[in-house]
Structure formats: C-alpha cells, structure tokens
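Asker: Could you work out the structure for the sequence below:
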Amino acid sequence: MKMKSVHLSPPQLLVAIFGVCIVAGAVLLKLPFSTTHSIKWIDAMFMATSAMTVTGLAVMDPGTEFTVFGQLVLMCLIQLGGLGIMSFAVLIFILLGKKIGFKQRLVIQQSLNQTNIGGVIRLVKHLFIFSFVIEGMAMVLLAFRWVPEYGWGKGLYYSLFHSVSAFNNAGLALWSDSLTQYVGDPLVNLTISFLFIIGGIGFTVLVDVWQKRSYKKLSLHSKMMLIGTVVMNAVSMIFIFFLEYANPKTLGALNWSDKLWAAYFQAVTTRTAGFNTIDIGSMDESTIFLMLLLMFVGAGSASTGGGIKLTTFIIILLAVVAFLRGREDLTILRRRIDVSFVFRALAISTMGVLFVFSAIFVLNISESERMPFLPLVFEVISAFGTVGLSMGVTADLSDFGRFIIIFIMFLGKIGPLTLAFSLAKPQRSAIRYPSEDILTG
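Answerer: Sure, this is the predicted structure:
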C-alpha cells in the first residue's frame, strides 16, 4: 500500500522540528551518564525545553546535578535553540554544497521572523559569523576572571558555557545562585550583559548596523530597536535602583558602586536574559511588577530572546497615541507604518495575554497549595518571555505544573502566531460585507 505523503506548512514544520529536538534532548539528558543521579522523564523534558527555548528556568541545578556530558548537551541545545534549527540546517546544506529550495527558505524566513524571503540565506551566514566571533571574544574576556579562580580547564569551560548561555539569552548558569557572587564585578557584569543585549537586539539589526555603519542609513526597524533598547534599559535601571535602594535583602546591603551594578544588571536581564546578581524572590512587589512588564515585552524580533518583542510593544503604544490624537496614519521617525503591522502587533499581544492568563488560571488551581500567587504569575510570564528568572519556586512545581510551564516556554520561543498558523491555516475571503458601527469604550 502506498504511503500518503504529509505536506506541512512552514509554521507546522518549524513546530514539528522544534518538538523533535526537545524530545531528543530529553532522551540525552535522561541517560545515566548525563546526571549525577536518576531523574524523572518530566524533569529531563523540562530541562531540555528550557535549554532549547533558551529560557533558563530549571528544576535541577545544572552545576551539581548534571555531569559534564549533561552540561554539554544543555549547551548544545542552547546554541541550537538560540541561533535556530533552520539556521544550522542551512549551514549543513552550505557545507555539503546542497541547493536550498524555496520551501526551505520559507521555513527559514518563518524561524527568523523575517517579513520577506529575500536575503535570508545571507542573513544566516552573517548570523553564524557574528555569533561565533562574539561568543569567542566573550569567552576570552571571561577567562581572565575565571581561569585564575578555577584553573585552565574549568576556567575555560565555565567561560565557554556562560558565553553561549548569555549570548543566546538562556540564563542557565553553573552556580546554584546564578551570578550573585559577582554582583559588583565589572568584567562579569559588562561581558555577560553585553552578550545578552547584543543577542536580544536581533540579528537583522546587527547585520544592518554592520553593513550601513551609519545611523541615518539604518532601517526603521533597527532605529526603533536601538532607541527602544536604550530607553527601556535606562528607565528600568533608574526605577529598580530607587525601588530597591533601601531593601536590605537586595540593594540595601551593598555599597554604592555595587548598588549601581546590581540595578543595571537586573534592569537589562529582564529582557529575556535570565541571569541574576541579587535574589529575585527578595525584591519588593513593586519591582516585581515592573519586571513582569519587561519580561512580557521581551527582546527584539529575529533575536535569541522571547516575549511579544519590543517593536510590537512600541507599535501598540504608537497606535494608541495616534488614536488619541485623531490621526489615521501611524508614524514614527518620519516614516509611516502600514496598518497590517498594527493588526499583527495586536494579534501577537492579545494571544500572548490570553495564553499567559490561561496558564496562570490553570496553575493557580493546581499549584495554589504549593506556592503564592505572585511567584506563580512571575514564573508563567518568565516562561512566556523565555527569560528564566524565578522567585525560587520552579523546583516546587508539580508534574502537571511543570508540563504547563514546558508548554508556555515552547509557545514563548516559537511565538503565538506561529503556533496558531501551525494549527489553523489562515483563510482569505473575497467576500466583503457591509460595515456597521458598534459601541466601544
């Protein structure tokens, strides 16, 4: 009997490949020589998903409960998830001299969140060059700090692992307290934050900056990302500094310079990085609320980060301002933004809110006896934004709770629209019905 071939759309293929890689990673992590003790399948799946989606939430301590082999599996999953599965597929095709077809280019376009198919292969080539060069340079810088402390072998290994984890916005560290012991260390703070800021800006912006090398010549997307990143990080740092200044469990116990370093690091790490240099669970509730917003917004499109994306957030704000001013056109930096992008931004944001609220509702039913409401909300939004920050409750989740967080991490990485398009193919109708007014507001 002839087998019927299965034709998958680019979003469906992307979701399927991502799922297969997560399962394969879970199998490798479940091997006896990957961990220092036997672990459950749900824990292996959770850690594989966290690494593949470059989230960083952990139900196990990577530094003590995984062997070097298990840690290397995590690092490979982080690199694969951060740079994109299809990007590695393109690299293999190029090395083998194979031709990349139109359908493969569509999948690459979907995985890198590009608006058109032109130039995606060139973007992938630049992506690998940028990524490996930046990770290599960061590894050398971090080695100056960790080789004298741990020796050549362990020092270089730690430098490599955290360079890959930081650039891909994963946030997994080999210390159980993340980077809290380096709260005032300028080299560690600047190197790690530089990595995840660069990774979170987006490869499209990096390539644009490299090729144009002039702010005036940059695309509107690049300008919005650069300005938005600077403004968001600066405002967040100021708020966190003053909100936590007198908190004895966070900034209050630090000297003046360490306070500045800690406020800076926590402000930028919420943009899907996941590392922390102070105890997140001890922060004031007002600070936690600010971090929830920052995590939900996330990083940039075509980046290693998650969230609804900064440009999506900016477009929604601009649409509100345009409506309040009675303007029909949405403009920024002397450029008009097409209404289709407003619809897309609203769709992404609305679906993100619906998924997050649904997950919080379900987890509040199943986990209410295990943890308070605020840490639960923080956990869900951290998973959706693929941030990886936690108020210290990840390991306390039930198996069902872990499964829900796994789904939210997966959703946050591939994006709500990609998942929706993979489940239901959008249909365009030629019929146009008469309009009628409705009351709103």
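
Asker: What segments of the chain are strands?
Answerer: For the chain, the strands defined by DSSP state E occupy 330-332, 335-337.

Asker: Partner strands of the first one and their direction?
Answerer: Using DSSP bridges, the strands paired with strand 330-332 in its sheet are strand 335-337 (antiparallel).

Asker: where's the strand it pairs with relative to the chain centroid, distance-wise?
Answerer: On the basis of C-alpha atoms, centre = their mean, to the nearest Å, strand 335-337 sits 27 Å off its chain's mean C-alpha point.

Asker: for the protein, which spans come out with low pLDDT?
Answerer: Residue ranges of the chain with pLDDT under 70: 1-11, 84-123, 302, 417-430, 439-441.

Asker: longest helix anywhere in it?
Answerer: In the chain, taking DSSP state H as the definition, the longest helix is helix 120-150.

Asker: hmm, back to that, next, format the strands of the chain as CSV and append mean neighbour count.
Answerer: Where C-beta positions appear, they are placed from N, C-alpha and C, glycine not excepted. What follows is the strands of the chain, written out as CSV (neighbours: other C-beta atoms under 10 Å):
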stretch, mean neighbour count
strand 330-332, 16
strand 335-337, 14
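
Asker: what would these look like in a markdown table with distance to Gly202?
Answerer: Below are the strands of the chain laid out as a markdown table (distance: least, C-beta to C-beta, whole Å):
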| stretch | distance to Gly202 |
| --- | --- |
| strand 330-332 | 17 |
| strand 335-337 | 17 |
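
Asker: and Asn189, how many neighbours?
Answerer: 22 (other C-beta atoms under 10 Å).

Asker: can I assume it is in contact with Tyr264?
Answerer: Yes: assessed by C-beta atoms under 8 Å, Asn189 is found in contact with Tyr264 at 7.2 Å.

Asker: picking up where we left off before, just so I know, which of the strands of the chain lies nearest Leu31?
Answerer: strand 335-337 (49.7 Å; C-beta to C-beta).

Asker: picking that back up, could you pull out the buried residues of the longest helix of the chain?
Answerer: 120-121, 123-124, 126-128, 130-131, 134-135, 138-139, 141-143, 145-147 (16 or more other C-beta atoms under 10 Å).

Asker: Show the contacting residues for Arg336.
Answerer: 329-330 (C-beta atoms under 8 Å, 6 or more residues apart in numbering).

Asker: And the contacts of stretch 363-378?
Answerer: In this structure, residues lying in contact with stretch 363-378 by C-beta under 8 Å, 6+ apart are 280-281, 285, 288, 291-292, 360, 379-380, 389-393, 396-398, 400-401, 404-405.

Asker: of the residues you listed, buried ones?
Answerer: Buried among the contacts of stretch 363-378 by 16+ other C-beta under 10 Å: 280-281, 288, 291-292, 360, 379-380, 389-391, 393, 397, 401, 404-405.

Asker: Which one of those is nearest to Gly352?
Answerer: In terms of C-beta to C-beta, no member of the buried ones among the contacts of stretch 363-378 lies closer to Gly352 than Val380, at 11.2 Å.

Asker: I figured Leu389 hits Val268, correct?
Answerer: No: assessed by C-beta under 8 Å, Leu389 is found out of contact with Val268, at 11.9 Å.

Asker: The strands of the chain: which one's closest to Pro248?
Answerer: strand 330-332 (42.7 Å).

Asker: distance between the closest one and the chain's centre?
Answerer: On the basis of C-alpha atoms, centre = their mean, strand 330-332 sits 27 Å off its chain's mean C-alpha point.

Asker: what do you get for stretch 371-390?
Answerer: On C-alpha atoms, centre = their mean, the centre of stretch 371-390 falls 13 Å from the chain's centre.

Asker: Could you do stretch 272-282 as well?
Answerer: That offset, for stretch 272-282, works out to 15 Å (C-alpha atoms, centre = their mean).

Asker: Endpoint to endpoint, that stretch covers what distance?
Answerer: End-to-end distance for stretch 272-282, by C-alpha to C-alpha, to the nearest Å: 20 Å.

Asker: sorry, back to before: I'd like to know which of the buried ones among the contacts of stretch 363-378 is nearest to Asp43.
Answerer: Leu397 (10.4 Å).

Asker: for that closest one, what are its contacts?
Answerer: 59, 367, 370-371, 379, 405.

Asker: now with 7 Å?
Answerer: Shown in contact with Leu397 (C-beta atoms under 7 Å, 6 or more residues apart in numbering): 367, 405.

Asker: ok, it to Val124 distance?
Answerer: Using C-beta to C-beta, to the nearest Å, Leu397 is found at 36 Å from Val124.

Asker: Ala273 now?
Answerer: In terms of C-beta to C-beta, Ala273 sits 23 Å off from Val124.

Asker: Nearest residue to the middle of this structure?
Answerer: The chain has Gly305 as the residue nearest its centroid, 2.6 Å off, counting by C-alpha atoms, centre = their mean.

Asker: who touches it in this structure?
Answerer: Gly305 makes contact with 169, 199-200, 271-272, 298-299, 386 under the criterion C-beta under 7 Å, 6+ apart.

Asker: Tell me the one among the residues you listed nearest to Thr49.
Answerer: Once C-beta to C-beta is applied, the member of the contacts of Gly305 that ends up nearest Thr49 is Thr386, at 10.3 Å.

Asker: Name all residues that make contact with that closest one.
Answerer: 53-55, 169, 272, 305-306, 409, 412-413.

Asker: Tell me how many other residues crowd Phe323.
Answerer: 11.

Asker: how about the nearest residue to Ile197, chain neighbours excluded?
Answerer: Val268 (6.0 Å; C-beta to C-beta, 6 or more residues apart in numbering).

Asker: Need the distance between the two termini of stretch 242-256.
Answerer: 12 Å.

Asker: Could I get the buried residue list for that stretch?
Answerer: For stretch 242-256, using 16+ other C-beta under 10 Å, the buried residues are 243-244, 247, 250-251, 254.

Asker: Closest to Ser178 out of those residues?
Answerer: Using C-beta to C-beta, the buried residues of stretch 242-256 come closest to Ser178 at Thr250, 13.8 Å.

Asker: Look up how far Phe167 lies from the residue nearest to Thr272 when sequence neighbours are not counted.
Answerer: Spatial nearest neighbour of Thr272, chain neighbours left out: Gly305 (3.4 Å); criterion: C-beta to C-beta, 6+ apart. Per C-beta to C-beta, Gly305 is found 11 Å from Phe167.
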